[in-house]
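[1] Okay, predicted coordinates and the sequence, questions at the end:
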Amino acid sequence: MSDFDYDVVVVGSGAGGAMAAYTLTKEGKKVLMLEAGRDYDPVKETPMFNTPAQAPLVGAPTPDKDFGYYDATVDGGWTVPGEPYTAGEGTEFKWWRARMLGGRTNHWGRYALRFSEHDFKGYSRDGLGADWPFEYKDIAPWYDKTEELVGVCGTNTGLDDMPDSPEGVLQPPPKPRIPELLVAAAAKKLGIPAAPMHRAVLTRPKDNRSACFYATECGRGCSIGAAFQTTTSLIPMAKATGNLKIITDAMAKTVEVDEQGVVNAITYIDKNTAQPVTLPAKVVILAASACESARILLNSKSEQFPQGLANSSGQVGRNIMDSTGADFSAEIPALKGRPIYNEDGHTANHLFIPWWGHKAQAKGELDFARGYHLELKTGFQAPGSYYPAKLQGYGPELKKQAKHDYGAQVGFSLRGEMVPNKDCFMEIDEKVKDKWGIPVARFHWKWSEQELNQVEHGLKTIRAILNNMGVEVDSMPSPEEAIKKGGEIIHEVGSTRMGSSPEDSVTNQYGQTWDCNNLFVMDAGVFASNPHKNCTLTIMTLAMRNASWLSEQLDKGAI
Amino acid sequence: MNQNFHIQHRIPATEEAPRGRVSRRQALKWLGAISAGLTLPLISGCEKALVSAAKIAGNWPDLKLEPITGKGYGTDPNLLQPPTRPWPLTMTAAQRKLVSVIADILIPREGSNPSASEVQVTDVIDEWVSAPYPSFQADRVEILSGLVWLDEESTRRFGKNFVQASPQQQLEIIDDIAYEKAESDLRFAYMARVFDGVRTLISIAYFSSPEGTRDIGYQGNKPIAGDYPGPTAEAKAHLEGVLEELGLTEYAYA
């Protein structure tokens, strides 16, 4: 790197890292990016139009590819070869990782909903968890810029749960499909409105990216750049400035400090040689994913920082939150035998059900403090992804039934806000090292009554909506049965939370660690709470805002 | 997202579920069927007892097989050109023959639409049971035991293997295991569950083939220039009827 005099080292190339690198390089700062996985180019590697039948096992999930053969994730999933993690006795946590340029942005669901003032001030309202150290109005202009840059389709709904974007920022959403319209009517009868989902999918061309052509699941990645991922947008744009250098296969291990406790270097393992490499660093941004960044900090022990770097509060690795999750689906008799048309659309929710219970919650009518939304899984899906629910018999009658039932399944997925609790955290498992010699993360997990009560409410709501659709559900699973495992929704956040005080938080509102002013965290670790609306848009928005602030500090010579 | 379909995850349904009603069991089953990554609750103690009673009453062969533990396709396979033979197929010629007979009983040729075996569903089953992953190896035990059961049952009834039996004799056995009624007959309950899994797998394999995809009428996986057109006029008219029937017209989404 002797020929490249970099100002900032960014660890990670996903939502936070790529946005930080993009923002800094646009401001003329030189950025060196470390990525733990291999180089990856969706333009050349995405299996657009491949059918399930062309894949082994009709594309079904395997331990090698947990979300099915065509999922974009490289060398990752719930397990990464040679890179284990452990869990405290009697607890379970699932940690999805990707080892590839662009990280998990290559396969994410692209749901891109803004958090609101309500979301940022949960603690002030109900005394649980922590407030964010800013107001919605501070962050709104950065949401505007992020949505504009990323490309988000959707509409301004005026609903409590969905802050408006300025006119012209959102791209038009695709038209709703038939089963979504049926769910919307059935929910409306209960007083629950449905709305167009906001998704980071282009319906109009932008920069070098094409508009969606409404085929191929976004989870495979998108060779035309319509579905946002950093590898077709922020990373090439940052590279084009001439200010970005990327080292792939570079697994960050520790951040080093000098005698004054100032960050001065970073050590990574070059996966090609399995040797450690230490590079000098003026500023380090960790954006390796919430739990990976916390792991790096906790492993960065020194005389000055014996309990890990930036951990004087003891909060690194604490306050981990995932979204709550529960799925329930049923076959809808009224949708059987309906006219077939192309329901691929942008391959995910055109309509969804945003959280509607603000008022009931404010009145104390609900036995849980935070909201959830319902996503829908419907449609005439590609055979292979779809199969008939309950077949009988054989021969022509069997086929007739399968065809009649095609497109009649409706699935609901609850995604809700979790309240942080003392039982959900990670630490370093000193007994276990990964193949690179780095001590691994050990997770602890326990849902509280907050989450279980919320899931119970969600299941009741789903049952009531199904009832309005002509389906009687005899009994629902209990919340304990229905709730997903910790980490399973892949929205883990909060492990290096931001706040107003060094006493109970790891960073200030700009992701700058309280303990080291040239060390930043710009992934979801900084989240002070985990609103139900999916974390990626807010990761990018914070990274843009905070990298801009860092750039100003560098210009002023303040760092 | 693809299905997370495995036979051992399927819980035998013992409750009748009329149209438009969802029993607890079915709901669990469907949930597992369409959402990847879900682990169903383990079969409870009471169900375990039922399963072993059904195995005894049904003369279940319960094969003890050494699982196949070769290499899978790895964590970074070629997605554009998937391997056509990611691991060696392991079924015997006799097993493959029996699978293709079952496949064509389930999905026979109809007019210009081919039968299941004509679109190589036998290869899909063979690939499935030969896959070196634990959940697929668990399916292998169930499926291969099911094949043995068919031959043994046919021998008990007719003195010959299933494929040697007459089409009429074959259907006599299939009729006992292919319907919900089998679930309440201990002699057939366990095989009915395995047969249900095989039927689903063969249906997936058939409908996902190019011919089967045309047959079911899937219209997607085609690039659209301009905006997504949304439902056809015919589809919208159908929805209006549905909304009216369900008393939802006044709540229609606008």
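    Good, I have the coordinates. Numbers count the residues shown, from 1 in each chain, chains lettered A, B, ... in the order given.
[2] Can you give me the distance of A:Lys435 to A:Met251?
    Relative to A:Met251, A:Lys435 is positioned 10 Å away (criterion: CB to CB, to the nearest Å). In this view, the C-beta of every residue, glycine as well, is placed from N, C-alpha and C.
[3] Tell me the confidence at B:Leu50?
    Reading off the confidence values, B:Leu50 has pLDDT 81.
[4] pLDDT below threshold where in chain B?
    Low-confidence regions of chain B, defined by pLDDT under 70, span residues B:1-46.
[5] Looking at it, which helix is longest?
    The helix of greatest length in chain B, counted in residues with DSSP state H as the criterion, is given as helix B:134-158.
[6] can that helix be found next to chain A?
    Yes: shown here: helix B:134-158 in contact with chain A (CB under 8 Å from any CB of the partner chain) through B:134, B:136.
[7] can you tell if the very next helix or strand once past that helix touches chain A?
    Note on helix B:134-158: by DSSP states H and E, the next helix or strand toward the C-terminus is helix B:167-177. Yes: on the criterion CB under 8 Å from any CB, helix B:167-177 is in touch with chain A at B:Ile174.
[8] List of residues touching helix B:167-177?
    Residues from elsewhere that reach helix B:167-177 (CB atoms under 8 Å, 6 or more residues apart in numbering or on different chains): A:394, B:101, B:105, B:150, B:153-154, B:157-158, B:162, B:165, B:182, B:185, B:187-188, B:191-192, B:195.
[9] can you check stretch A:272-285 too?
    Contacts to stretch A:272-285, defined as CB under 8 Å, 6+ apart, come from residues A:1, A:6-11, A:17, A:20, A:32, A:249-250, A:253, A:255-256, A:263-270, A:435-436, A:511, A:518-522, A:547, A:550, A:554, A:559.
[10] Which positions in it come out as buried?
    A:279, A:281-285 (16 or more other CB atoms under 10 Å in any protein chain shown).
[11] Residue 193: neighbour count?
    Assuming you mean chain A. One way to gauge burial is a neighbour count; for A:Pro193, by other CB atoms under 10 Å in any protein chain shown, it gives 17.
[12] I was after chain B.
    Around B:Arg193 there are 23 residues (other CB under 10 Å).
[13] would it count as being in a helix?
    Yes: for B:Arg193, which was evaluated using DSSP: H, G, I helix; E, B strand; the rest coil, the result is membership in a helix.
[14] Distance of A:Glu472 relative to A:Ser329?
    As for A:Glu472, its distance to A:Ser329 is 15 Å (criterion: CB to CB).
[15] Distance check, the spatially closest residue to A:Gly191 that is not a sequence neighbour against A:Asp161.
    Once its chain neighbours are removed from consideration, A:Gly191 has its nearest residue in A:Trp356; the separation is 7.6 Å (CB to CB, 6 or more residues apart in numbering or on different chains). Between A:Trp356 and A:Asp161 the computed distance is 7 Å (CB to CB).
[16] Is A:Pro166 part of a helix or strand, or is it coil?
    coil.
[17] surely it meets A:Asp144?
    Yes: between A:Pro166 and A:Asp144 there is a contact at 5.6 Å, judged by CB atoms under 8 Å.
[18] so who does A:Asp504 touch?
    With contacts defined as CB under 8 Å, 6+ apart, A:Asp504 is in contact with A:130, A:313, A:315.
[19] Go again with 6 Å.
    Shown here is A:Asp504, whose contacts under the criterion CB atoms under 6 Å, 6 or more residues apart in numbering or on different chains are A:Ser313.
[20] Understood, closing this out.
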